[in-house]
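Novice: I'd like to go over a predicted model; first the sequence, then the structure.
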There are 2 protein chains.
Amino acid sequence: MSRFLSRNTRELIPYVPGEQPKDKVFVKLNTNENPYPPSPLVMERIRNFDLGDLRLYPNNEGAIVKQAVSKYYGISADEVFVGNGSDEVLAFIFKAFFDETEKIGFPDITYSFYPVYCALFNIPYVKVPVADDFSIDLSLYPEDLKGIIFANPNAPTGIYIAPSRIEELLKSRPDTLVIVDEAYIDFGGESCAGLIRMYDNLIIVQTLSKSRSLAGMRVGFAMGCKELMDGLARIKDSFNSYPLDKIAQIAAEAAFIDTEYFNETRQKIINTRQWTQEKLLSLGIQVTDSKANFLFVKIPEVPGPEALTKLRQEGILVRHFNSPRICDWLRITIGTQEQMEILVEKIKKIMEG
Amino acid sequence: MSRFLSRNTRELIPYVPGEQPKDKVFVKLNTNENPYPPSPLVMERIRNFDLGDLRLYPNNEGAIVKQAVSKYYGISADEVFVGNGSDEVLAFIFKAFFDETEKIGFPDITYSFYPVYCALFNIPYVKVPVADDFSIDLSLYPEDLKGIIFANPNAPTGIYIAPSRIEELLKSRPDTLVIVDEAYIDFGGESCAGLIRMYDNLIIVQTLSKSRSLAGMRVGFAMGCKELMDGLARIKDSFNSYPLDKIAQIAAEAAFIDTEYFNETRQKIINTRQWTQEKLLSLGIQVTDSKANFLFVKIPEVPGPEALTKLRQEGILVRHFNSPRICDWLRITIGTQEQMEILVEKIKKIMEG
């Protein structure tokens, strides 16, 4: 390590994203990408874009994306904040609202980037254990937290909480900022977007990487009252004025306009998830009731690391988390129907030893 | 302001980028964009890109961009770090190497984002005044600084320091991290890239927004010894795993491959700068010896804010900084020869009252 690193930088344990293999020989079910390409309208808009315009800076706040999101959710454009993927949006949220003076809380099993942001910005936190069935009981969170963040559906379990239960939390903790990370909400859950006008302590985060097939384009956004979104803009404008390039902005706008393709592809993924879930259950495999574009599964009598390795040998990449409570579980992205049929066959083979 | 903002967020005074007008009626000389489109190879590569691949995450470190930069500068790929524009790269540098415990230094007149990063990350700093002719005397910087950062050529003055003088600083201050922001180096200066193997206290920052006509695509990079670049990667991977989308990566790679177009367009800009400089000097206007793609000018007897307004009325956008020592100066981007001829005419008109 360079002697110039600050103490904080030395101590960081960065987030490790799922592997992006250089060749395409694998059935890639490890990073929750969409098996279907972006909408034809997205492709058309990119193809028609005047590439000479790339010499000019993009709009610095992603205005056309804010417009498209606000239209989709029936909110105002100043109730939307756009960033370079939902990871950047989350980073801005942690920096804008939290610091070393007050604790925040999140589930012990959830998106593993949250504790990394806390380490980066010196934010103290408590992990609140989820139940043995991985469900989240929001009433268990300490009263004095400055913020509470969780993914809904949760990652990597897929377990979903209805907005009515989140509303109880918002109502009972008006001085706690509640962040609902809805990266996977479009695969069968209901967004809390309808609550942002009633609660000034709510921020919702979404991404275009999963349900809108744009992982390669890096667009995420937050929704919340104007004052909260202004707070995020203060951080962005003190960090990087232009995080979204021109092509990402037109692609994101088009993805929101083409609701027909969006509904068609997400329904296909939901159907494939149900098929896969039933198949795996019939094999005696433990599968959570996931409302996301992945399943969380435990193969009886096959330890997690071994299942991971064997599936890889069979040409299938899935995700394993080296964390005590879930070390025998695998997170498996929902691919195409054909990919999931291969997966089921390979899991059968592994179980037969 | 939302009551949830942290104290630091409340106190920030964000950077304000130059205006991006929605219509194209202006001669736009206010944000140092390149008047020429990106290289034909950039456009060809984007057009041939398989848009279906946007469903997948990009390479998380911009590997093809690192390769292209390393090839261009004759260094190793692990001596390069790639980010979402040089502003993001600078933000990562401030966060990775500096904190509240030690001071850094920069010129009183330089890129105005540096003090904003310091406020964002609680880094104390001293501003060291440039001379009356705007030149930087590196020997004036206090001995005990943890870091020194300046733009070379400097912004918004265009004044350039030769690498030999920077090398003296590197040699005499082995425990000070020196950051040379070379956003404008390709317009007549010589990069310090050749020094990174000799000095482990040097980081160079560059952007593809100016000399490579890709402001709309958001790509910047740093060069330095592997240990320093690893430090930047620690911050990036604790902030946002994938800051560069797939199209930005192939565009950046192509911009480095097509050296012929690059050399041709930057030479055109240098020629136009020389022509404009001479014309303005012949009108009795003060013009610095700029080695950047902009001029820094003072029109006699016309206060800066007035000159800004009058040029705007004449359809020309330029940049003015509301800072005491330079409040009568304007930063004017070098556009096409035709645009600069219009500029000269309009300035003449303003001087004639």
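Specialist: Perfect, thanks for sending it. Residues are numbered from 1 along each chain as shown, chains lettered A, B, ... in the order given.
Novice: all contacts plus neighbour counts: C-alpha atoms, from now on.
Specialist: Fine.
Novice: Show me what A:Val178 is bridged to.
Specialist: Applying DSSP bridges to A:Val178 yields these beta-bridge partners: A:Ile148, A:Leu202.
Novice: Tell me where the stretch 51-200 of chain A has strands.
Specialist: A:80-83, A:104-107, A:125-128, A:147-151, A:177-181 (DSSP state E, counting those that start in this stretch).
Novice: looking at those strands, which is closest to B:Met1?
Specialist: With C-alpha to C-alpha as the measure, strand A:177-181 is the member of those nearest B:Met1 (14.3 Å).
Novice: between the closest one and strand A:147-151, how many degrees?
Specialist: On the basis of axes from the mean of the first three to the mean of the last three C-alpha atoms, to 10 degrees, strand A:177-181 is oriented at 10 degrees to strand A:147-151.
Novice: so what secondary structure elements neighbour strand A:177-181?
Specialist: strand A:147-151, strand A:202-207 (3 or more C-alpha pairs under 8 Å, 6 or more residues apart in numbering or on different chains; DSSP states H and E).
Novice: Can you mark which positions in that strand are buried?
Specialist: Using 16 or more other C-alpha atoms under 10 Å in any protein chain shown as the test for burial, strand A:177-181 gives A:177-181.
Novice: and among the strands of the stretch 51-200 of chain A, the most buried is which?
Specialist: For the strands of the stretch 51-200 of chain A, average neighbour numbers computed from mean count of other C-alpha atoms under 10 Å in any protein chain shown are highest in strand A:80-83, which has a mean of 28.
Novice: who touches A:Glu352 in this structure?
Specialist: By C-alpha atoms under 8 Å, 6 or more residues apart in numbering or on different chains, no residues touch A:Glu352.
Novice: how much space between it and A:Lys346?
Specialist: Relative to A:Lys346, A:Glu352 is positioned 10 Å away (C-alpha to C-alpha, to the nearest Å).
Novice: Break chain A into its domains for me.
Specialist: Chain A is divided into the following domains under automatic domain parsing: A:7-37+A:260-351, A:40-258.
Novice: coming back round to it: could you redo the helices and strands packed on strand A:177-181 as CSV and give each row mean pLDDT?
Specialist: What follows is the helices and strands packed on strand A:177-181, written out as CSV (pLDDT from 0 to 100):
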stretch, mean pLDDT
strand A:147-151, 98
strand A:202-207, 98
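Novice: Out of those strands, which is closest to A:Ser323?
Specialist: strand A:147-151 (17.5 Å).
Novice: distance of the nearest residue to A:Ile149 once chain neighbours are set aside from A:Gly105?
Specialist: Leaving aside its chain neighbours, A:Ile149 sits nearest to A:Ile179 (4.6 Å; criterion: C-alpha to C-alpha, 6 or more residues apart in numbering or on different chains). Distance check for A:Ile179 against A:Gly105: by C-alpha to C-alpha, it reads 10 Å.
Novice: So for these two, which residues contact both of them?
Specialist: A:147-149.
Novice: what's the neighbour count on A:Ser290?
Specialist: A:Ser290 has 25 neighbours, counted by other C-alpha atoms under 10 Å in any protein chain shown.
Novice: Could I get the full set of helices for chain A?
Specialist: A:7-11, A:40-48, A:63-73, A:85-97, A:114-120, A:163-172, A:226-236, A:246-257, A:259-282, A:304-313, A:337-351 (DSSP state H).
Novice: packing partners for the fourth one?
Specialist: Same thing as helix A:85-97. helix A:114-120, strand A:202-207, strand A:220-223, helix A:226-236, helix B:7-11.
Novice: Now tabulate these in TSV and tack on mean neighbour count.
Specialist: Formatted as TSV, these follow (neighbours: other C-alpha atoms under 10 Å in any protein chain shown):
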stretch	mean neighbour count
helix A:114-120	22
strand A:202-207	26
strand A:220-223	27
helix A:226-236	23
helix B:7-11	16
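Novice: Residues of the stretch 201-350 of chain A that sit close to chain B?
Specialist: A:201, A:209, A:213-218, A:227-228, A:230-231, A:234-235, A:237-247 (C-alpha under 8 Å from any C-alpha of the partner chain).
Novice: The same query, at a cut-off of 7 Å, please.
Specialist: A:213-218, A:227-228, A:231, A:234-235, A:237-241, A:243, A:245-246 (C-alpha under 7 Å from any C-alpha of the partner chain).
Novice: Who are the contact partners of A:Asp237?
Specialist: B:14-15 (C-alpha atoms under 7 Å, 6 or more residues apart in numbering or on different chains).
Novice: cutoff 8 Å now
Specialist: Applying C-alpha under 8 Å, 6+ apart, the residues near A:Asp237 are B:14-16.
Novice: Need the phi and psi values for it.
Specialist: Here is the backbone geometry of A:Asp237 (degrees, to the nearest 10): phi -80, psi -10.
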